[in-house]
Each structure stands twice: as structure tokens, then as C-alpha cells.
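Colleague: Sequence first, then the predicted structure:
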Amino acid sequence: MLKITAPGLVIKEQSIGESDKLITVLTAKHGIVRAFSRGAKKAKSKKGAATSLLAYSDFTFSKAKDTFSVEEALVKEVFFELREDVSKMALAQYFCELAYEFCEEDFESEEILRLFLNSLWLLKSNKKTVPFIKAVTEMRLMSLSGYMPALVACDRCGQYETDTMFFSSESGKLFCESCKPPEFCRCINSSVVQAMRFVTLSDFNKIFSFTLTGDSLKAFCDLSEDYLLHKTQRKFKTLEFYRVIED
Ligand SMILES: [Zn+2]
């Protein structure tokens with residue numbers, strides 16, 4: 001019998017019968033692990049909290065006949081208090097859906113897991129606003145997942161910065177005013193260009209350490225979401241719910 005021991009974040013939880021559940025866990029080394037947790041719904045189960053949505057736990061999984069089971073689960077950190085704030089919870093659920101979309105089984109996911117854990121921690125700590133955390137997470141996730149936008153300079157003439165620049169979600173490229181291509185591009189000011197460069201190119205531990213406000217923040221948020229949706233070409237139910245809450 002194969003055994004895997006790994007810390008992981010529970011990104012999905014489904015009830016199976018009266019006392020069992022099927023959980024989906026994002027781990028660093030093994031990517032997505034889907035495992036049955038027998039008896040986890042029973043009131044006395046020690047595994048209950050550790051196998052709940054948004055728990056980050058030390059897991060021991062065993063595999064038999066292509067099916068994983070949770071042998072042991074011990075809580076390291078939980079983000080359950082996000083459930084008390086509907087807008088934070090909506091964003092956390094969107095992050096879980098993104099993790100499921102961007103990671104696979106047997107897929108090295110260390111940096112993506114670290115990004116989501118850090119974003120959930122920030123969300124819980126009230127140190128940054130909900131839309132800001134969402135936008136930074138989306139933009140960094142794209143960079144980690146093979147969709148790094150080309151932001152160093154205008155893609156055609158190489159100008160580093162002009163007052164207004166244009167970003168194409170289609171191509172993931174930046175242009176100056178004179179080189180703007182015919183396709184739809186978002187017009188962005190230099191603060192937004194700087195923010196995008198910062199989030200995609202900085203060391204991980206710095207990506208949230210800047211401030212944007214007002215129209216620039218709004219432009220950065222719109223652009224991050226738009227870029228992610230363009231590249232994934234799919235709809236996220238949890239994002240639609242988040243939008244309803246935020247409106
Ligand atoms: Zn140019």
C-alpha cells in the first residue's frame with residue numbers, strides 16, 4: 001500500500017453517505033489529492049476539523065486500488081473565521097476553485113499552494129482589502145502558471161514607460177500609445193503598470209507590499225480578472241457569486 005505524508009489545504013469537501021466525506025486537497029509535492037475520509041462527519045471524529053474546507057493540515061493518505069483514503073489528519077492552521085464574512089468567504093471559495101483549475105494530480109504545486117495560503121492569511125488578518133488581495137493573487141497565479149504577461153516595456157518599440165500604456169489580455173503584452181495594436185487593449189496609467197510589474201516580477205514575500213487606491217486600484221482589479229478569464233476561457237461559479245456579493 002502506497003502512503004503519502006504531506007501538509008495540504010482542503011479546497012473541496014463533499015459528503016458521502018451519513019458519516020464519510022470525499023475531500024480535495026492541494027499539496028505542495030503531489031498537487032491535487034482526492035481522498036475519502038471515513039467517519040470524518042461523525043461528531044467524535046478527530047479528523048473532522050482537519051478535513052474541512054479551508055483547513056491546512058498534516059495529512060497521511062494511503063492508496064489502494066487507485067483510491068486515496070485519509071489515514072490521519074492534524075490541523076496546522078484553519079481559515080474557518082472567513083466564513084463569518086460573506087465577501088471574504090466568497091473570495092476564499094473562488095481561490096479554491098482556481099486552485100482546482102490550475103493544479104493537477106502529481107503536479108508540483110509548492111508556489112501556488114504558498115500563494116493561496118498567504119492570500120488566505122492576509123484575508124483573515126484584515127491587513128489588505130478584499131479586492132486588492134483578489135487582484136494580486138490572480139495576477140501572480142497567472143505568472144506562476146505559464147501565463148506571465150510581457151510587461152518589461154512596450155512590445156513594439158521598447159519604451160519602458162509613457163504616461164498612458166495599453167495592455168492586451170489577448171496577447172498578454174504591453175504597448176505605448178503610438179504602438180497600440182487594433183485589438184482591444186485596456187488603457188492603464190503608470191501606477192497600474194508599476195503594480196503589475198511588481199506583482200509578476202518581485203520576490204514572493206514582497207508581492208503584497210504596495211498600495212494602490214481609487215481608479216488605479218479599480219483598473220488593476222479589472223485587468224487582473226480580465227486577463228485570467230481570457231487565458232482560462234472559462235466561467236467560475238464562485239467568481240460570479242463573489243461579484244453578486246461585491247455589487
Ligand atoms: Zn511603443
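Modeller: Happy to help now that I have it.
Colleague: check contacts around residue 59.
Modeller: Shown here is residue 59, whose contacts under the criterion CB atoms under 8 Å, 6 or more residues apart in numbering are 4-8, 25, 27, 33, 35, 50, 70, 72-73. Every residue, glycine included, has its C-beta placed from N, CA and C.
Colleague: who's it bridged to?
Modeller: Listed beta-bridge partners, residue 59: residue 6, residue 73 (assigned using DSSP bridges).
Colleague: any idea how far residue 51 is from it?
Modeller: Here the distance between residue 59 and residue 51 works out to 8 Å (CB to CB, to the nearest Å).
Colleague: Spatially, what comes nearest to the residue nearest the centre of the chain if we skip its sequence neighbours?
Modeller: Centre of the chain computed as the mean C-alpha position; nearest residue by CA atoms, centre = their mean is residue 95, 4.2 Å away. For residue 95, the nearest residue in space outside its immediate sequence neighbours is residue 116; the separation is 5.3 Å by CB to CB, 6 or more residues apart in numbering.
Colleague: Scan this structure for its longest helix.
Modeller: Ranked by number of residues, the top helix in the chain under DSSP state H is helix 214-232.
Colleague: what residues are shared contacts of residue 59 and residue 51?
Modeller: Both residue 59 and residue 51 are contacted by 70, 73, under the criterion CB under 8 Å, 6+ apart.
Colleague: Strictly from the record, what residue spans define the domains of the chain?
Modeller: With automatic domain parsing as the criterion, the domains of the chain are listed as 2-78, 82-246.
Colleague: Please render those as CSV that adds mean pLDDT to the earlier fields.
Modeller: Compiled in CSV, the domains of the chain are given as follows (pLDDT from 0 to 100):
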stretch, mean pLDDT
domain 2-78, 93
domain 82-246, 96
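Colleague: end to end, how far does stretch 59-72 reach?
Modeller: From the first residue to the last, stretch 59-72 extends over 6 Å; the measure is CA to CA, to the nearest Å.
Colleague: If you count neighbours, what's buried in that stretch?
Modeller: Taking 16 or more other CB atoms under 10 Å as the basis for neighbour counts, the residues of stretch 59-72 that come out buried are 59, 61, 68, 70-71.
Colleague: do stretch 105-123 as well
Modeller: Residues of stretch 105-123 classed as buried: 109, 112-113, 115-120, 122-123 (neighbour count, 16+ other CB under 10 Å).
Colleague: Closest one of those to residue 77?
Modeller: residue 117 (8.0 Å; CB to CB).
Colleague: Having no further points to raise, I will conclude here.
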